[in-house]
Every structure is written in structure tokens, then in C-alpha cells.
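> Predicted model, plus sequence, below.
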Amino acid sequence: MIFYKAKDYQDLSRKAANIISAQIIMKPDCVLGLATGSSPLGIYKQLIEWYQKGDLDFSQVTTINLDEYKGIGADNPQSYRYYMEHQLFAHVNIDRLRTFLPDGMEQDSKKACEEYNRIIHEHGEIDLQLLGLGRNGHIGFNEPGGAFEKETHCVNLSMSTIEANQRFFESKEKVPKQAYTMGIKNIMQAKRILLIVNGKEKEQILERALNGPITPQVPASILQLHSNVTVIKNIGKQYI
Ligand code: GLP
């Protein structure tokens, strides 16, 4: 495991964007596993800047996102499809047909999850998987529980996740109660994992994830078993 301490949020974003850029330059048709939430915003901003300078080409890149809320569509500003569109896709030369997220509007959970697993398998291995860390140790929307869920599944979001994500919604009641997420096996099959951790309130859970017992109670703890993980943690000024 490679561990970087970033001096502030901008430093974290640039270090992570450098790793993603290197992946795209080394393999222009790479498959990137992407994440949402507030932590990756600076990374996407940096990637757009380098694209605009002519340093990056997304034309052959495929992206497969970790998760999506169930019950909201691409035109809903709170959906992860909307987030990806506005924070990255609309600003670079990516082919939308190569960008994948679970279909939040599919009410049939079994169908939505099977379809997403099919998409993941069809693309073989993810070259680089970007991950944020939930306050309760979740990755994607794999919430703490009794077992590691293997593949894409529908989750009931925990109260702590609903509370953490309510800042993006008008009220707590408006936060969807369910989401579709890649499973732990899908994530662990990525060739390389890049975990970014921004925020003092995540220090303790990061410590448990990296040095505590490997348990589904702290889903990120499974990353201890992956052979190629890079962690970038912001230990300095917080700002987004
Ligand atoms: C959401 C996402 C996760 C993300 C987490 C942390 O729950 N499903 O993929 O890592 O939030 O988000 P933030 O970076 O805003 O703290």
C-alpha cells in the first residue's frame, strides 16, 4: 500500500489527478472506475484543466461509476449521472456511450443490478478504481453489515449515510433511502485502487480501515487484501 499525505485539498486533488492522468496516458483505452461525493470534485476540476491544455485525451476512455441512487433519474441534479455529466463528462471529449452508471430509474432492483454486472463483466478488469470513504467506512454504497456483498446490489442506506448526504438535498426526507452499488468483489477486482480521504472527521475510520481487523462492519477494511492500493489523505487545510 502506498500512502501519501497531502498538505491540503488542492494537493490531494492534484496528486490523485496525476495518477489518473498517468493511467490515461499509459493506456488511452483504459477503464476507469469513478466515484462521486464531494472528495473527488477537485480531481475532476484538475483533469478538465489538463484536458483543456491539450494534455489529456478521453476519447477512448471508458468509465464505470460505483453507484447511483435508486429512484432518481439523469435529469435530477442529485443523481450521480447528473453529477458526472456536470463535473466531468460535459467538459472533456469522452464518448457518452462509454460512460456507465447503474440505472437509478429502473425500479426492478434485480434487473438493474444484473444489467450493471453484465456491463462490468463485459469490460473485463477496471484498470484504476477511484474511491472515496464514507464516514462509516463505506466504499461505493457498500454499507457496514454482516457480510461483504460481492457484486452490484441494491442497498438500504444507513442513517449515518443519509445524514452525511443530506447536505446535497433540501431535507433529510428527500435523500433516497436506497441505492444501487457495485459490490466488494467488483471493486476488489480492479487492477489498482486509489482511495482519497479528505476531512478530519474521517481520520478515525481511515485508521480502522487500514489498520484494524478486516470486517464487513468497516467495508473499506477489505482494501488491506488488495495488492495495489494508493491512499491519499489530506492532513491539512480543508476546503472544497
Ligand atoms: C457517498 C458515495 C461514496 C463516497 C461517499 C463519501 O456516499 N456513495 O462513493 O465515497 O459519499 O463522500 P464525500 O467525499 O462527500 O465525503
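Here it is on my side, so go on.
> just checking, Pro213 is part of a strand?
No - Pro213 is assigned coil when assessed by DSSP: H, G, I helix; E, B strand; the rest coil, not a strand.
> Just want to check the distance between the residue nearest to the spatial centre of the chain and Gly137.
Geometric centre of the chain, nearest residue: Ala35, 2.1 Å, by C-alpha atoms, centre = their mean. The gap separating Ala35 from Gly137 is 15 Å, by C-beta to C-beta, to the nearest Å. For the C-beta atoms, the positions are set from N, CA and C on the backbone; glycine is no exception.
> Check the residue nearest to the centre of the chain and give its pLDDT.
The score at Ala35 is 98. That number is its pLDDT.
> same deal with the one 10 residues further on?
For Lys45, the pLDDT comes out at 98.
> so what's the residue nearest to the centre of the chain up against?
65-66, 130-132, 140 (C-beta atoms under 8 Å, 6 or more residues apart in numbering).
> Quick one: those as TSV, columns for secondary structure too.
Output for those, formatted as TSV (three-state DSSP):
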residue	secondary structure
Asn65	strand
Leu66	coil
Leu130	strand
Leu131	strand
Gly132	coil
Gly140	coil
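> Now which of those would you call buried?
For those, a neighbour count by 16 or more other C-beta atoms under 10 Å gives the buried set as 65-66, 130-132, 140.
> Nearest to Ser227 among these?
Nearest to Ser227 out of the buried ones among the contacts of Ala35 is Leu131 (C-beta to C-beta; 15.5 Å).
> So what pairs up with the residue nearest to the closest one when sequence neighbours are not counted in the strands?
For Leu131, ignoring the flanking residues on the chain, the nearest one in space by C-beta to C-beta, 6 or more residues apart in numbering is Leu195 at 4.7 Å. Beta-bridge pairing for Leu195 (DSSP bridges): Leu131, Val231.
> ok, and which of the buried ones among the contacts of Ala35 reach the ligand?
Among the buried ones among the contacts of Ala35, the ones lying near the ligand by C-beta under 6 Å from any ligand atom are 66, 132, 140.
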